[in-house]
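> Here is a sequence together with a model predicted from it:
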Amino acid sequence: MHTRTSKRSAPSPQPSGSSTKRPRKAYEQENPVDVIVLEDSDNEDPEDPELKDILAQIDAQEASERLARQLERENTHPVGSGSKDTPIDIDDDEALARRLAEEWAAEENSHQNMIVDVDEMDSAFDRQLIAEKAAADCRASTIAKTTKSAPAASVGPGGTGYGRDAGYPASRGNNRNRAQDKVAEPSKKALQWETTIVRILKTLVELLPAPYAEDPQVYDMLPHPSIGHLISLSQLPALLASLLRNDSVTDWISRKETYNAMLLLLRRMADSELTIQCLIGQRWETATTCGLENWMWQEGEITWRKSTGGELEIAPALYTYFKKLTKQSHAFQVGAMQMLGGDAEEDVDEMMIQGTSLCGDIIATSDDLERAIAVLGQPLTHEHRDNRASPAESSSKEFRSRKKGKGRDVSINVDEFYVAECERLAFKHVSLADPNAAQLQYTHYNYAQELNNTQTSTRRPRDRLHLLKELAVTATSLPPGVWVRVDEVRNDAIKIMIAGPEGTPYSGGLFEFDCFIPIEYPNRPPLMHLRTTGNGTVRFNPNLYNNGKVCLSLLGTWPGRPEEQWSPKSTLLQVLVSIQSMILIDAPYYNEPGHGQANVKAPVSIAYNRDICGHTTRRAIVDWLKDEHKNGIWRDVIYSHFTIRKDKIRQQIVEWSKSAPQIRAYSAASTQAYCIQPFSSGPIANYGQGHNQKPSKGLDLLEEYDKGIKIIDTWKTGDEAE
């Protein structure tokens, strides 16, 4: 799609009555003025000197009055909506605020006049944003061309290219200074743009209706009905979305004025049912825009993105992003409480205080929005409930009612709901210590000894802050099927659950890992230990040993190329994604070096997968369906995972049992004996002989699965009980 946009021209006369555009309001309207007019009569002597003096005085007085009225009109008369002759100068916020205040006082603050001001503000912002984007694109293009045209430049710290003229160190230094000047210029522009954004947001806070103000005006109680639509059509939602999607706590702190202004605006938008729709309602993805002003004057177009099927693409509601921001703030605050009051460096301590304060404001704003949404009755509709946060906010009872109803394919609803539940349960701070112990003991944690050894050790303040920020980002960045639980006392003690991806012999299973963050982190990688091993009887993968060892180059437990090794810039999230996508795969047999290129149809791979499917069913599925986990840290994950996907997992077990009948008569010996024995040595040697051998009598895992599902149906997690 293309946008039709007309170029701006010099000020032109008012549009004629035949124009299709709405007539602009003139800047100066000739109001009728009461003026004394003296006319000469035949009886008056034109040569009378006294009369001349009187007439001259009257003329001077009339001229003075006309000038005074003209100046008054110029200083107090409102500017016409969308005028292009004298656009708002939003850089001069004091002048703007003064002019708006004069307009309100002069025109009784009616909703017609206030909506004009909102229109002017949104239009001014659109002009600024479109111009800024164009300038940024131009700068990026210039930098790209400069980079390509300077192949002799080497890469210095932080990826900065420094020109090097061999044998001329002085010249090299000058080049570096010029490079720094070029870097400083965009930084200055960014700072100016940041100041502009703050002014825009604060001005809009004053312009939007405030029905809960101490002295509400008519406009506050009866705002213009088009106000929400004006905001939605402007570039303001795009700005808010970009701020809310930002997951860098460091960036929040450095831009705290911007984020504080954003929080004020969100609260104000939640005060009115007309503007709150901009936060919780559906919005379309903008493809191109000419700006609100040009669109209103029919001098350009706003176009929306369409899918390949021709349907308009719906963007997530702004409130969805804000919920994620709130979740990150919770994660940061919990960790920050453990750091405050310590021996942190001054700049680190200051950053911690600022970050904690800002995160507290974000959480408080979230509470205010929740209350406002409830007061306005928005959660009563499914449409708003789905858009407000995500389908995860709905109960499983609602989900089951959807399954019974007509509409889209049930499997699509299941997948969407499962992803949403994964997001809701992805990250929590919990107690990993033994609740029955008199002291702080981590009985069910593999790295309990490491915790004891480092109890009196001190992590560098900057490293602690690094871990804190990383956990905050992890809280909203985990892929579906990965859950993290961080100890509420020691945030270096972590437990992780990973669901086996579909289409693999691990599908439907839950694999638990213990993770420990060493004192030297991020200069050293985290420690990982697999707990789902059937008490040390099962090796699920060439990279997952039955003693819990996890072989991964990123962890330093397996050799690899330099770029695959751990570095201070690596993250725990990378480790988790690597385990899910590189270890729990469809052909794990080929994870063993020397087994050649992966081929899922090879007999050895099929036999290996058959064995893994049996162990997955027994150890990663059935073993979780027991009451012993009812009060554990994974209760909500187990309940959600198996309740939502129980039909799909059962069907999968039935399919597996057709080629692996040992699933219906499981025993450790029978599964290991039920695989082809392709090698006599190596890490996976002795994996059975003769797959036609009849399995020995054992557990019917399909029956055990059905019994387990009935058990967890009685759990009713806290969310379900409510």
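Done, it's in.

> where do the strands sit along the protein?
154-155, 161-162, 283-284, 286-289, 302-304, 314-315, 427-430, 482-487, 493-499, 510-516, 527-530 (DSSP state E).

> And the nearest residue to Arg650 once chain neighbours are set aside, what's its pLDDT?
What sits nearest to Arg650 in space, not counting adjacent residues and going by Cβ to Cβ, 6 or more residues apart in numbering, is Tyr705, at 6.4 Å. For the C-beta atoms, the positions are set from N, CA and C on the backbone; glycine is no exception. pLDDT recorded at Tyr705 is 96.

> Just to check, Tyr705 is in contact with Ile653?
Yes - Tyr705 lies in contact with Ile653 (Cβ atoms under 8 Å); the separation is 6.0 Å.

> tell me which residues in stretch 459-470 are buried?
459, 461, 463-470 (16 or more other Cβ atoms under 10 Å).

> Would you check which pair of those lies furthest apart?
Pro461 and Glu470 (14.9 Å; Cβ to Cβ).

> For Glu421, see how far away the residue nearest to Arg650 is.
Distance, Tyr705 to Glu421, using Cβ to Cβ, to the nearest Å: 20 Å.

> Looking at the two, which has the bigger crowd around it?
Glu421 (26 against 22; other Cβ atoms under 10 Å).

> Find the residue closest to that one in space, skipping its chain neighbours.
Spatial nearest neighbour of Glu421, excluding adjacent residues (Cβ to Cβ, 6+ apart): Ser640 at 4.7 Å.

> so that neighbour makes contact with Leu425?
Yes - here Ser640 reaches Leu425: they are 6.1 Å apart, a contact under Cβ under 8 Å.

> State the distance from Met221 to Glu563.
Taken as Cβ to Cβ, the span from Met221 to Glu563 is 62 Å.

> now swap in Leu530 and tell me
25 Å.

> With neighbour numbers in mind, choose between these two.
Neighbours were counted for Leu530 and for Glu563 using other Cβ under 10 Å; Leu530 has more, 26 against 7.

> give the contact list for that one.
511-513, 540, 544-545, 548-550 (Cβ atoms under 8 Å, 6 or more residues apart in numbering).

> would you list every one of the helices in the stretch 601-722 of the chain?
603-615, 635-644, 646-659, 668-673, 701-713, 718-721 (DSSP state H, counting those that start in this stretch).

> how about these, which one is nearest Thr286?
Within these, the stretch nearest Thr286 is helix 635-644; the backing value is 33.9 Å (Cβ to Cβ).

> which intervals of the stretch 301-450 of the chain have sub-threshold pLDDT?
Scanning the stretch 301-450 of the chain for pLDDT under 70 picks out the ranges 338-347, 377-412, 438.

> Where do the helices of the stretch 401-550 of the chain begin and end?
Here the stretch 401-550 of the chain has its helices, by DSSP H, counting those that start in this stretch, at 410-425, 448-453, 461-474.

> Would you mind putting those into CSV with distance to Ser232 alongside?
Below are the helices of the stretch 401-550 of the chain laid out as CSV (distance: least, Cβ to Cβ, whole Å):
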stretch, distance to Ser232
helix 410-425, 25
helix 448-453, 51
helix 461-474, 30
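
> nearest to Arg664, of those helices?
Nearest to Arg664, of all the helices of the stretch 401-550 of the chain, is helix 410-425, at 25.8 Å by Cβ to Cβ.

> Just the angle for that closest one relative to strand 482-487, thanks.
Angle of helix 410-425 versus strand 482-487, following axes from the mean of the first three to the mean of the last three Cα atoms, to 10 degrees, is 20 degrees.

> The helices of the stretch 601-722 of the chain: which one's closest to Glu257?
Across these, Glu257 has its closest neighbour in helix 718-721 (37.1 Å, Cβ to Cβ).

> what residues are up against Gln651?
Contacts of Gln651 by Cβ under 8 Å, 6+ apart: none found.

> how far away is it from Leu527?
37 Å.

> just Asn591 next, same as before
In terms of Cβ to Cβ, Asn591 sits 21 Å off from Leu527.

> what's the answer for Glu421, then?
The gap separating Glu421 from Leu527 is 29 Å, by Cβ to Cβ.

> Also Val414?
From Val414 to Leu527 the distance is 36 Å (Cβ to Cβ).

> and if you look at Cys278?
For Cys278, the distance to Leu527 - Cβ to Cβ - is 46 Å.

> And for Tyr506?
Taking Cβ to Cβ, one finds Tyr506 at 22 Å from Leu527.

> between these two, who's got more neighbours?
Tyr506 (28 against 18).

> Read off the pLDDT value for the closest residue to Ala499 other than its chain neighbours.
Ranked by Cβ to Cβ, 6+ apart and with sequence neighbours excluded, the top spatial neighbour of Ala499 is Gly481, at 3.6 Å. Gly481 is assigned a pLDDT of 96 by the prediction.

> dump the residue contacts of Gly481.
422, 498-501, 580.

> let's go with 7 Å and repeat that
Counting by Cβ atoms under 7 Å, 6 or more residues apart in numbering, Gly481 makes contact with 422, 498-499, 501, 580.

> what about it, distance to Gln192?
Counting by Cβ to Cβ, the gap from Gly481 to Gln192 is 44 Å.

> And for Lys324, nearest residue in space, chain neighbours not counted?
Thr476 (4.3 Å).

> How about Ile130?
Gly291 (5.5 Å).

> so where's the stretch 451-600 of the chain shaky on pLDDT?
In the stretch 451-600 of the chain, no residues with pLDDT under 70.

> ok, now how distant is Arg283 from Met269?
For Arg283, the distance to Met269 - Cβ to Cβ - is 13 Å.

> which one of these two has more residues nearby?
Shown here are Arg283 and Met269; by other Cβ under 10 Å, Met269 has more neighbours (26 against 20).

> if I look at the spatially closest residue to the more buried one that is not a sequence neighbour, how far off is His229?
Spatially, and ignoring its direct neighbours in sequence, Met269 is nearest to Thr275 (4.3 Å; Cβ to Cβ, 6+ apart). Using Cβ to Cβ, we find Thr275 at a distance of 10 Å from His229.

> okay, those two: which has more neighbours?
Between Thr275 and His229, counted using other Cβ under 10 Å, Thr275 has the larger neighbour count: 23 against 13.

> State the phi and psi torsions of that one.
phi -90, psi -20 (degrees, to the nearest 10).

> What separation is there between it and Val198?
For Thr275, the distance to Val198 - Cβ to Cβ - is 20 Å.

> and what of Trp252?
Distance of Trp252 to Val198, given as Cβ to Cβ: 14 Å.

> From what I see, the residue nearest to Glu421 and Ala420 are in contact.
No - counting by Cβ atoms under 7 Å, Ser640 sits too far from Ala420 to count as a contact (10.0 Å).

> Who has more neighbours out of these two?
Between Ser640 and Ala420, counted using other Cβ under 10 Å, Ser640 has the larger neighbour count: 23 against 20.

> what does the model give that one for pLDDT?
Residue-level pLDDT assigned to Ser640 equals 95.

> next one: Thr714
Confidence for Thr714, expressed as pLDDT, is 92.

> Tell me, how many residues neighbour it?
Neighbours around Thr714, by other Cβ under 10 Å: 8.
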